[in-house]
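Colleague: model the following, please.
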Amino acid sequence: MVGAMGTISLDAALDRAGAGLYQKRLIGVFGLVWAADAMQVLAVGFTAASIAASFGLTVPEALQTGTVFFLGMLLGAMGFGRLADRIGRRKVLIITVGCDALFGILSVFAPSFTILLVLRFLTGIAVGGTLPVDYAMMSEFLPAKNRGRWLVLLEGFWAIGTLVVALTAWAASAAGMTDAWRLIFAVTALPALAGIGMRVLIPDSPIYLLRAGKREEAKEVVNRMLAINGKPELGLHDDLALPAPVPRTGLFSPTLRRSSLTILLIWFLVSVAYYGIFTWMPARLAGEGFGFVRGYGFLVLMALAQIPGYALAAFGVERWGRRPTLIGFCLLSAFGCGLFVLSFNAALIASALMIMSFALLGTWGALYAYTPELFPTHARATGMGAAGAMARLGGLLAPSLMGYVVAHGFGLTIGIFAGLLLIAAVAGMSMTTETRDASLA
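Modeller: A predicted model of the protein is given here:
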C-alpha cells in the first residue's frame, strides 16, 4: 500500500508488477540452467555402463562418478547457499554457472577415470551451489499470489532436462557409440554454457537489496520490472518502504527449528527414494528390462510422465496449498512404489513406473514451492542450501542402499522406498505452517 510519505511496500510493488514478461524472461534463464543441472544429475545413471566399457570397469565402479558428484553437490549446496545470503544471489549464480559449464565441458575430454572423478566432483560443487540459489532468487521476484505456481513451473524444467538426457542416451545407443558418455556430458554442459551470459543480466532481487540497505538499487530493479510488464513505474518522489526488521536467526533457532528439521527430513527421505530409483532404473530398463518395459524408448515415456506431474503440482500448490499438495504427492509416490512391488506382469510394472515418475516429480515441485517460503530473506538461500545438502546426502546413500539390497530382490528395494515416502508424508502432516499467499519476510 502507498503511505502518506510516498512510500510503497515491496509486496504492493510486486503485486502491481504481477507475473508478466519480466518473470517469463527470468524463468527462461533460470529454467535453461535448471534443465542443464537436471541433465548433469541424471547423467549418472545414463553414463555408467558406457564409462565402465571405456575404462574397463564394472558398472558399480563406474557409478563412483555419481558418488563424487553428489558429494560435490552436498558441499556446494552448503557453502554457496550460505555465501549467497552474505554477498548476494547474483554473484554466486554467475560463479556457479560458470564453473558448471567449465568443468562439465572438461569432463568430456577426461583421459582417465581418475581425472573424470575429479572433474565430476568439481562439477557437482558448481551444480550444488546453483540449485538452492536459483529458487531463493526466483521466489523473491514473484508476488505472493503467483509464487507457488511459478516455482513449480521452474521445477518443471527438470523434466525437460530428463527428457533431453534420455533422448541423447537413446541416440548414442542407437548409433553404437563406444564412448557415449562423452556425448552425454557434452550435451549436459551446453545449456549451462549458454546461460552464463544471460545470468550476468539478472540483478539481485529487490527484497535482498532492501534487506542489505540498498534502497535505490531495489527501486531501480522494481521500476525495470514494472516497465517491462507494462505497469506504471514508481515516481521520482515515491520510495520503497523498508521491510519490518526480522531477527537474524539461524535455521535451528527456536522459531525455525521445528519447520527446519521437518522439511529437511522430508528432503532427505524423498531424495533417497528418487535417486535410488532414477540412478539404477535407467541401466536396468535399458538392459534387462521387464518384458516390453525396457530400452531407452520406455525411459523417454517415463520422462514425459513427469510433465503432467508438475502441472498438477502447479495447480495444487495454489488451489489446495503447499502442504496438502506435498503430502498428497508423497502418498501417491509411495503407492506407485507399492504397486511395483506387487506387480506380476509387464503391464502393471509399466503402470507402476509411470505413476512413480509422475508422482515423484510432482513431489519435488511441491517441495521447491514450499521450502523457500519457510525461511526469512536473510536465511533463505542458506535454508535452500541445507535442503539441497540433505538431498545430496540422500543421493550419496541411495546407490549404497541399492547395492546392498538389490541382491535380495529389486522389489524389496522399491518397497523400502515406499516406506520412506510414507514417512515423508507423515512428516508433512506434522508441519503446522502453510505459506500459500504469504508474504516473504
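
Colleague: show me how far the lowest-mean-pLDDT helix or strand in the chain is from its chain's centre.
Modeller: Every helix and strand of the chain was ranked by mean pLDDT, DSSP states H and E. The lowest is helix 377-405, at a mean of 78. Distance of helix 377-405 from the chain centroid (C-alpha atoms, centre = their mean, to the nearest Å) equals 11 Å.

Colleague: same deal with stretch 136-154?
Modeller: Centroid displacement of stretch 136-154 relative to its chain, using C-alpha atoms, centre = their mean, is 14 Å.

Colleague: do stretch 328-345 as well
Modeller: 23 Å.

Colleague: how close does residue 358 get to residue 37?
Modeller: Here the criterion is C-beta to C-beta, to the nearest Å. By it, residue 358 lies 21 Å from residue 37. Heads up, the C-betas are built off the backbone N, CA and C, glycines and all.

Colleague: residue 230: what's it in contact with?
Modeller: By C-beta atoms under 8 Å, 6 or more residues apart in numbering, residue 230 lies in contact with 20-21.

Colleague: report pLDDT for it.
Modeller: Residue 230 is assigned 92 on the pLDDT scale.

Colleague: that one in helix, strand or coil?
Modeller: coil (DSSP: H, G, I helix; E, B strand; the rest coil).

Colleague: which is the next helix or strand following the least confident helix or strand of the chain?
Modeller: Downstream of helix 377-405, the first helix or strand assigned by DSSP states H and E is helix 410-430.

Colleague: about what we covered before: quick one, which of residue 358 and residue 37 is more surrounded?
Modeller: Legend: neighbour count by other C-beta atoms under 10 Å for residue 358 and residue 37, higher for residue 37 (28 against 23).

Colleague: check which helix or strand covers the more buried one.
Modeller: helix 21-55.

Colleague: where does the stretch 201-350 of the chain dip in pLDDT?
Modeller: Applying pLDDT under 70 to the stretch 201-350 of the chain picks out residues 244-249, 279-298.

Colleague: the helices in it, which residues?
Modeller: 206-211, 215-228, 257-286, 295-319, 322-342, 346-370 (DSSP state H, counting those that start in this stretch).

Colleague: quick one: contacts of the second one?
Modeller: Residues external to helix 215-228 that are found in contact with it (C-beta under 8 Å, 6+ apart): 10, 13-14, 16-17, 20-22, 25, 141, 203-207, 209-210, 232-234, 239-240, 242.

Colleague: do that again at 7 Å, thanks
Modeller: Applying C-beta atoms under 7 Å, 6 or more residues apart in numbering, the contact partners of helix 215-228 are 13, 16-17, 21-22, 203, 206, 209-210, 232-234, 239-240.

Colleague: for the fourth one, same thing?
Modeller: Among residues not part of helix 295-319, those counted as contacts by C-beta under 7 Å, 6+ apart are 148-149, 152-153, 155-156, 159, 162-163, 166-167, 169-170, 173, 282, 285-286, 289, 325, 329, 353-354, 357-359, 361-362, 365-366, 369, 436.

Colleague: make it 6 Å
Modeller: When contacts are defined by C-beta atoms under 6 Å, 6 or more residues apart in numbering, helix 295-319 is touched by residues 148-149, 152-153, 156, 159, 162-163, 166, 169-170, 173, 282, 285-286, 325, 353-354, 357-358, 361-362, 365-366, 369.

Colleague: what segments of the stretch 1-150 of the chain are helices?
Modeller: Using DSSP H, counting those that start in this stretch, helices in the stretch 1-150 of the chain cover 10-17, 21-55, 59-62, 64-87, 89-108, 113-139, 144-155.

Colleague: tell me the most buried of those?
Modeller: Ranked by mean neighbour count under mean count of other C-beta atoms under 10 Å, the helices of the stretch 1-150 of the chain are led by helix 113-139, which reaches a mean of 25.

Colleague: per-residue confidence averaged over the helix holding residue 37?
Modeller: Taken as a whole, helix 21-55 carries a mean pLDDT of 86.

Colleague: got the angle between that helix and helix 64-87?
Modeller: 150 degrees (axes from the mean of the first three to the mean of the last three C-alpha atoms, to 10 degrees).

Colleague: just checking, what packs against helix 21-55?
Modeller: helix 59-62, helix 113-139, helix 144-155, helix 157-174, helix 180-200, helix 215-228, helix 257-286 (3 or more C-beta pairs under 6 Å, 6 or more residues apart in numbering; DSSP states H and E).
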